[in-house]
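Visitor: Below are the sequence and a predicted model; questions follow.
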Amino acid sequence: SFPGGRRDPADGDAVATALRETREELGVAVAATSVWGQLRTLPDRHGMTVAPVVANLGPLEALTLTPNPDEVEEVFTLPLAHLLHEENQGYTHFRTASGYGYTLPVFLNGPHKVWGLTAIVTELTLELLVPGRY
């Protein structure tokens, strides 16, 4: 999943929350000037509202990540080219007790599978970054 969490009273808005959570979880200080914008809000499975924020962190090779072990088990990245290959894209079908079904995107990468809300945010981001290619 992406860095994230509840808004603190000191956070001015969703962007401030995202920047704080990224610093707390990954040890990366992202400047507000690096923020490209906010995607539409999404509901999570617990009824909370999630406000994805997209920022340019620059070259990954230049980043020094220091994940908080209390919040982060593992960190991995996926290149844009990998996400755009059709063999790495799929869908997961869900059915509820009432028989209602829905489909969500999933992205495959060796031992890692990006699914759920993280895959939805990834899909929305790809639609913005590479329209017509995804």
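Guide: Nice, thanks for sending it over.
Visitor: going forward, measure contacts between C-alpha atoms and count neighbours the same way
Guide: OK.
Visitor: Pull the contacting residues for the closest residue to Pro3 other than its chain neighbours.
Guide: By the measure of CA to CA, 6 or more residues apart in numbering, the closest residue to Pro3 outside its immediate chain neighbours is Thr22, 5.4 Å from it. Neighbour list for Thr22: Pro3, Gly4, Val28, Ala29, Val30 [criterion: CA atoms under 8 Å, 6 or more residues apart in numbering].
Visitor: I'd assumed Arg6 was in contact with Ala14.
Guide: No: in this structure Ala14 lies outside contact range of Arg6 using CA atoms under 8 Å: 9.4 Å.
Visitor: So for those two, which residue has more residues nearby?
Guide: Ala14 (18 against 13; other CA atoms under 10 Å).
Visitor: coming back round to it: per-residue confidence at the residue nearest to Pro3?
Guide: In this prediction, Thr22 carries a pLDDT score of 96.
Visitor: ok, now how distant is it from Gly58?
Guide: Distance check for Thr22 against Gly58: by CA to CA, to the nearest Å, it reads 15 Å.
Visitor: so how far is Val106 from the residue lying farthest from the centre of the chain?
Guide: Centroid-distance maximum for the chain: Ser98 at 29.3 Å, with CA atoms, centre = their mean. Distance, Ser98 to Val106, using CA to CA: 24 Å.
Visitor: what do you get for Ala81?
Guide: Distance, Ala81 to Val106, using CA to CA: 16 Å.
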